[in-house]
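A.B. asks: Whatever this is, show me its structure:
(one chain, ligands or ions: 2)
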Amino acid sequence: MRPYEPNRIEEKWQAYWEKNKTFKAERDSSKKKFYLLEMFPYPSGRIHMGHVRNYTIGDTLARFKRMKGFNVIHPLGWDAFGMPAENAAIKNNTHPAKWTFENIRIMREQIKALGLSYDWDREIATCHPGYYKWNQWLFLKFLEKGIAYRKNSTINWCEICQTVLANEQVVDGCCWRCDNEVIQKQQEGWFFKITDYADRLLEGCKNLSGKWPEQVLTMQNNWIGKSFGAEVDFKIKDSDHAIKVFTTRPDTLYGAMFMVLAPEHPFTFELSRGTEQESEVDTFVKKVNRQDTIARTSDTGNKEGVFIGAYAINPLTGESIPVWTANFVLMDYGTGAIMSVPAHDQRDLDFARKYNLPVRVVIQPKNETLDEKTMTQAFSSDGAMIYSEKFDGLIGQEARKKVCEYLSKERIGKATVNFRLRDWGVSRQRYWGTPIPVVHCDVCGIVPVKYNQLPVELPLEVQLGEKGQSPLHTLESFYKTKCPTCKAPAKRDTDTLDTFICSSWYFDRYTSARLEDNPFSLEDNDYWMPVDQYVGGIEHAILHLLYARFFNLVLNDIGLTQTKEPFDHLLTQGMVIKDGAKMSKSKGNVVDPDEIIKKYGADTARIFILFAAPPVKDLEWSDQGVEGCFRFLKRVWRIFSEYVDVIKTASPPDGNFSTSINELKELRRITHVTIRRVTEDIEKRMQFNTAIAAIMEWVNHLYHFKEWEKKQSETKDDIKAVIREAMETLILTLAPFAPHIAQEMAVEMNFSDALDENKWPLYKENLTQTDEILIVLQVNGKVRQKIQVASGVSDEDLKLLSLNEPRIQEWIQDKEIKKVIIVPKKLVNIVVK
Ligand SMILES: [Zn+2]
Ligand SMILES: [Zn+2]
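C.D. replies: Ligands and ions are numbered 1, 2, ... in the order given. Next up is the predicted model:
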């Protein structure tokens, strides 16, 4: 008997699949398609167990669907632009392109060693001009549609590094790289009008319910944050100005005791000018400019503010109320100003108590009286309006509606809808990204590069600044150009596009990966899209998945795709943890996939990853678990080896097959029950762990069967047929999980050298039935137990079984048995005295 040699088998079949392009996907309108996609990796260096898990889950499904007769497309590529490449390049004194392509080469090799069923002819890398050319092309389309526009926004700026920092790169108000204080600065840049799509994105979430994890949909809903309310104008005392605020609670307007402006609000400086508060406001705003927005708005962050020296008029009470500025109000949200109703908003109440500002109750809870002097908990639920003149007694929706009608009639406000979602800022002051295809001309303003001039290539012959500044800003040979319209000297945009743009449509590009005259073809896109099953990490719940959905809607509007939602089903897999923590270099608990493959083979790694936990749950790494899976595959190999010569030429039972031998009946039954369990675990529940457990139990049974079979004088044809059926189905059901060993066995058994072309086995319902019947056991006419027995059991055996049943023995011990009444196939009644 040959030993199980995973490395030999795996290398052989991986080479075979590559050479034969086994997994090449081609359009075929006669077949139903299935688009299986895992989120494409960032080429950071080497693959980790999180990748292995992601791709193994996806691959198992892809192979399963292929066996179910679908025309499967399963591509992979590289999300290859982005900052880590730049940082690594600076650190290692290399070029981002060199670093990136070298990483891709290494990771591609590692991924191939896992035996994944990718169509490598569709591989893409977003940093390749053949890809980012289409980022630019799409940008120009967005510009034509008015979806791309320029505006000023507040950015985090490091003066020393001369660069913009993302919120995550600001640590305690300082630059993550040089520790210098970060300042907030206004800068013009490109934005995508995702806010125009807020309602359609919300509508789409409803349709995805049941197909995406509810948690992800909730996160997207909250991120979009649609709220109904009113916009109200508060006049500034002794001035022509009015401050607009948005409130979801117009029914609390009578309790608005002060206003708060964002420190960045233009009125903050303007209104404090010439007042006693002027210098205090200046100092305060400078201080807030050094705080990052996350700390400013978190529930636990320190809320602080100052009076700006001006008063506003509450439009309903006519009272003068003080205007403050505070760190927790952001310019980017709503109007950058809020009305504060301390009795009915906890943050406002905390602020009022801290600075001794007045509190007034204007909403009355049902069974409780609030004391505005002492209350520490704001009452933020619905209740009857009080202290609100003609509105007194109105409650909730009705109250808000009436107040809005009044505001509108008096022209001091109106009912409106507000979104938390902001437009998507896409300019990055970085080098390693897609150059923005516009030219700035002194005469014509902003001029798009002509389509036939694309791509605007990212120059590779550059020296990266030590501090991480983009060389594009100072590289004359790049930015010096001619205006496409008036031919005067002009300057290219020196920013690059956010890499989230690359990942917002890469799944479309896969459908026509090598097309040269369009980003993708309508026919290809029509046939393959949407992605039927998307697999990736929960960390992409908001940004990537929201941007991709937005992009798709725009592409749909432009007529480039018929699809409305790009990802029909989404699975977010759990993390891989070890010793209770996520695997990470800093924790020193990383297991290298290469070592596991070298020691046990890819099939063992795949089986362990799938068996150790359901896909959506976290997976705890266990060396013993890996050993156990390796032993399981060795057991599969051994039982197969023992039978292969005997059954090589046998055929499985046909429709007329029948046998009276219980052992054969039982093996057939377990074979068919296992097919059913595995099929339903994959198809209905995506529980690969229980599917594999079912196969393991079955293998155990095969070993039991072997004990019986050894005792037979010869292996007759009926025995061979039943074993052949069991071994064939074992190979086929194992194939999506452990494709190499399955392929090897299939060939040795002479039934397939292209296993994935094989049909997934179907179970026969009648063969899954047990021959057992349920018998009710009574003692003196009272039901005391129920037992399962073989249907052909004799009365004598049934009597013995009943009397020996432990529960029955408790009732009959020390008693005289008068008689035993047997109703065949139903009941045994033991009469005792
Ligand atoms: Zn810095
Ligand atoms: Zn011009």
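
A.B. asks: Count the residues that sit near residue 830.
C.D. replies: Counted with other C-beta atoms under 10 Å, the neighbours of residue 830 add up to 23. Backbone N, C-alpha and C define where each C-beta goes, glycine included.

A.B. asks: Which positions in the helix or strand hosting it come out as buried?
C.D. replies: Using DSSP states H and E, the element containing residue 830 is strand 827-832. Within strand 827-832, the residues that count as buried by 16 or more other C-beta atoms under 10 Å are 827, 828, 829, 830, 831.

A.B. asks: Now tabulate these in a markdown table and tack on pLDDT and distance to ligand 2.
C.D. replies: Shown next, in a markdown table, are the buried residues of strand 827-832 (pLDDT from 0 to 100; distance: C-beta to the ion, whole Å):
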| residue | pLDDT | distance to ligand 2 |
| --- | --- | --- |
| 827 | 92 | 98 |
| 828 | 93 | 100 |
| 829 | 94 | 103 |
| 830 | 94 | 105 |
| 831 | 94 | 109 |
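
A.B. asks: Next, give me the two most distant ones among those.
C.D. replies: 827 and 831 (12.8 Å; C-beta to C-beta).

A.B. asks: what sits in contact with each of the two?
C.D. replies: residue 821 (C-beta atoms under 8 Å, 6 or more residues apart in numbering).

A.B. asks: To what extent is whatever residue of the stretch 251-400 of the chain ends up closest to ligand 2 buried, counted in neighbours?
C.D. replies: When scored by C-beta to the ion, the stretch 251-400 of the chain has residue 266 as its residue closest to ligand 2, at 32.3 Å. Residue 266: 12 surrounding residues under other C-beta under 10 Å.

A.B. asks: Can you pull the phi/psi pair for it?
C.D. replies: For residue 266, the backbone dihedrals (degrees, to the nearest 10) come out as phi -60, psi -30.

A.B. asks: Same check on residue 34?
C.D. replies: The phi/psi pair for residue 34 (degrees, to the nearest 10) reads phi -140, psi 120.

A.B. asks: What of residue 507?
C.D. replies: phi -70, psi -30.

A.B. asks: Close to ligand 1: what parts of the stretch 151-300 of the chain are there?
C.D. replies: 158, 160, 161, 175, 177, 178, 180 (C-beta under 5 Å from the ion).

A.B. asks: Mark which of those residues are buried, thanks.
C.D. replies: Using 16+ other C-beta under 10 Å, the buried members of these are 158, 161, 175, 177.

A.B. asks: tell me the pLDDT at the last one?
C.D. replies: If I follow you right, that is residue 177. Listed pLDDT for residue 177 reads 76.

A.B. asks: Checking my notes, it in a helix, right?
C.D. replies: No. Assessed with DSSP: H, G, I helix; E, B strand; the rest coil, residue 177 is coil; it does not lie in a helix.

A.B. asks: So residue 629 sits against residue 602, correct?
C.D. replies: No. Using C-beta atoms under 8 Å as the test, residue 629 is too far from residue 602 to be in contact (11.6 Å).

A.B. asks: more crowded one of these two?
C.D. replies: residue 602 (29 against 25).

A.B. asks: which ones are touching that one?
C.D. replies: When contacts are counted by C-beta under 8 Å, 6+ apart, residue 602 touches 6, 10, 113, 114, 115, 740.

A.B. asks: In strands, which of the residues you listed appear?
C.D. replies: Among those, no residue falls in strands (DSSP state E).

A.B. asks: Spatially nearest residue to the residue nearest the centre of the chain (excluding sequence neighbours)?
C.D. replies: In the chain, the centroid-proximal residue (C-alpha atoms, centre = their mean) is residue 538; its distance is 3.9 Å. Nearest residue to residue 538, sequence neighbours excluded (C-beta to C-beta, 6 or more residues apart in numbering): residue 572, at 4.2 Å.

A.B. asks: what sits opposite that neighbour in the beta ladder?
C.D. replies: Beta bridges link residue 572 to residue 536, judged by DSSP bridges.

A.B. asks: Please read off the pLDDT at it from the model.
C.D. replies: 96.

A.B. asks: Not counting its own residues, what contacts the lowest-mean-pLDDT helix or strand in the chain?
C.D. replies: In the chain, the helix or strand scored least confidently by mean pLDDT, DSSP states H and E is helix 293-297, which has a mean of 72. Contact with helix 293-297 is made by 167, 288, 301, 327, 328, 330, as judged by C-beta under 8 Å, 6+ apart.
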